[in-house]
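Asks: need coordinates for the following:
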Amino acid sequence: MNAPILYMVRAWVSPTGGERYLRWLETKHMAEVIREPGFLSARKCRLEQTDEQGWIGYLLIYGLNSHAALEAYLQSPARERFWKELEPFNDVHRAERFYGAVDFELDGGR
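Replies: Residues are numbered from 1 along each chain as shown. I've put the predicted structure just below:
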């Protein structure tokens, strides 16, 4: 993932009923986000850890080409629409969002 700005979402998903959130995420949401201006890539990683309630962890990692693109997205009508689309999943999903600039990187040389 070669992107100077990363926008990440750590999501906790209920083992009962959470599949509908994951289906929306994988078949609709991530594909729509990646089409927003400045987005370069999107990945979903299933975490090995669960939370104290046994919910399954996921990390969504979006790469962007600039901080300006991220700021535009955070203020966009698309993001507002995504918040509304998330409402039906509030009982089976919760998340934290964070972002920043890549300030150090190592390449394994492979």
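Asks: adjacent strands (with direction) for the biggest strand by length in the chain?
Replies: Longest strand in the chain by number of residues, with DSSP state E as the criterion: strand 39-50. Sheet pairing of strand 39-50 (DSSP bridges) gives strand 56-64 (antiparallel).
Asks: neighbouring contacts of the partner strand?
Replies: Strand 56-64 is contacted from outside by 1-15, 18, 22, 25, 30, 33-34, 38-51, 70, 73, using CB atoms under 8 Å, 6 or more residues apart in numbering. To be clear about C-beta, it is placed using only N, CA and C from the backbone, and glycine gets the same treatment.
Asks: hang on, the earlier thing: for the longest strand of the chain, C-alpha coordinates in PDB please.
Replies: The C-alpha coordinates for strand 39-50 follow below in PDB (Å, rounded to 0.1, in the frame of the first residue of the first chain):
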ATOM      1  CA  PHE A  39      -8.600   7.400  -2.700                       C
ATOM      2  CA  LEU A  40      -5.900   5.000  -4.000                       C
ATOM      3  CA  SER A  41      -6.600   1.700  -2.200                       C
ATOM      4  CA  ALA A  42      -8.800  -0.100   0.300                       C
ATOM      5  CA  ARG A  43      -8.100  -3.200   2.400                       C
ATOM      6  CA  LYS A  44     -10.000  -5.100   5.100                       C
ATOM      7  CA  CYS A  45      -8.100  -7.200   7.600                       C
ATOM      8  CA  ARG A  46      -9.700  -9.600  10.000                       C
ATOM      9  CA  LEU A  47      -8.000  -9.100  13.400                       C
ATOM     10  CA  GLU A  48      -7.000 -12.100  15.500                       C
ATOM     11  CA  GLN A  49      -8.300 -10.300  18.600                       C
ATOM     12  CA  THR A  50     -11.900 -10.100  19.800                       C
END
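Asks: now do that strand: distance to the chain's middle.
Replies: Relative to its parent chain, strand 39-50 has a centroid offset of 7 Å by CA atoms, centre = their mean, to the nearest Å.
Asks: buried residues in that strand, which are they?
Replies: Buried residues in strand 39-50, counted by 16 or more other CB atoms under 10 Å: 39, 42.
Asks: so the residue nearest to the spatial centre of the chain bridges to which residues?
Replies: Per CA atoms, centre = their mean, the C-alpha nearest to the average position across the chain is that of Leu60, at 3.5 Å. Note on Leu60: beta-bridge partners Val9, Lys44, judged by DSSP bridges.
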